[in-house]
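J.: sequence? don't have it. structure:
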């Protein structure tokens, strides 16, 4: 633990110095000394295969330090989806597992490209870890993000034991987390049903309606037969107009 923390602080200080030389004007003699040190990658891993971002979340006790270094790594281009070698967990998963890491988790989720569908060695996603630990704020943000991107499949993913995030929340007694997932899942299914009800209707001629339907059908492979049926109806209407 102490060795891992010592290695981490050494790399973080070097990365911080590297960022300073790139962004600020400093005396030439100091700049020369800093340039003599080897470049540090924000995705560097320790001896047991933990990326810097994971190590910051796991080993730093001070919240102020964690927030500062998480932001530093993000600014330096760290891959927020990089998994550790042992458990195959992402930094976001560790913000759900460790206590008092909500702000760090929110910072990571706001990075473009942060995936909520990655599964660890046991098939658990970040959403599932949040459900098991009862992280209401992180769960809220994740579910809201998934709903905006039509991420119904992520809500319905199962781990190696066949449990969804909703199941895990209930099994661990975190009923508020379970309600958050259930409410959004039912809402998305309701929207899906309404959109499918529009398919083939006479009044469904506006481009916005077509776009909504196609987006829905493309997202879910099971609905592709409806698309084929829908396209056949459009072709028949065009032929009738030509006649």
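T.: That came through fine. No experiment lies behind these values; they were computed from the predicted model shown.

J.: average pLDDT for the helix ranked longest in the chain?
T.: With secondary structure taken from DSSP state H, the chain has its longest helix at helix 175-198. The average pLDDT for helix 175-198 rounds to 82.

J.: so what does that helix touch, helix or strand wise?
T.: Judged by 3 or more CB pairs under 8 Å, 6 or more residues apart in numbering; DSSP states H and E, helix 175-198 is in contact with helix 126-133, helix 136-148, helix 152-155, helix 165-171, helix 207-219. In short, each C-beta sits where N, CA and C put it, glycine included.

J.: How is this structure partitioned into domains?
T.: 1-115, 116-195 (the TED database).

J.: Tell me which of those is the most buried.
T.: Stretch with highest mean neighbour count among the domains of the chain: domain 116-195 (a mean of 18; mean count of other CB atoms under 10 Å).

J.: Check the offset of that one from the chain's centre.
T.: Remark: domain 116-195 is offset 12 Å from the chain centroid, using CA atoms, centre = their mean, to the nearest Å.

J.: How about stretch 185-196?
T.: So, by CA atoms, centre = their mean, the centroid of stretch 185-196 is 23 Å from its chain's centroid.

J.: Could you do stretch 104-123 as well?
T.: Worked out by CA atoms, centre = their mean, stretch 104-123 lies 3 Å from the chain centre.

J.: what comes into contact with that stretch?
T.: Contacts with stretch 104-123, where a contact means CB atoms under 8 Å, 6 or more residues apart in numbering, come from 53, 57, 66-67, 70-71, 74, 80-81, 83, 86-93, 95-96, 125-127, 135, 137-138, 141-142, 145-146, 151, 153-154, 157-161.

J.: what's the answer for stretch 55-75, then?
T.: Applying CB under 8 Å, 6+ apart, the set of residues contacting stretch 55-75 from outside is 1, 4-5, 8, 12, 15-16, 19, 42, 46, 50, 52-53, 80, 91, 94-95, 98, 100-101, 103-104, 107-108, 111.
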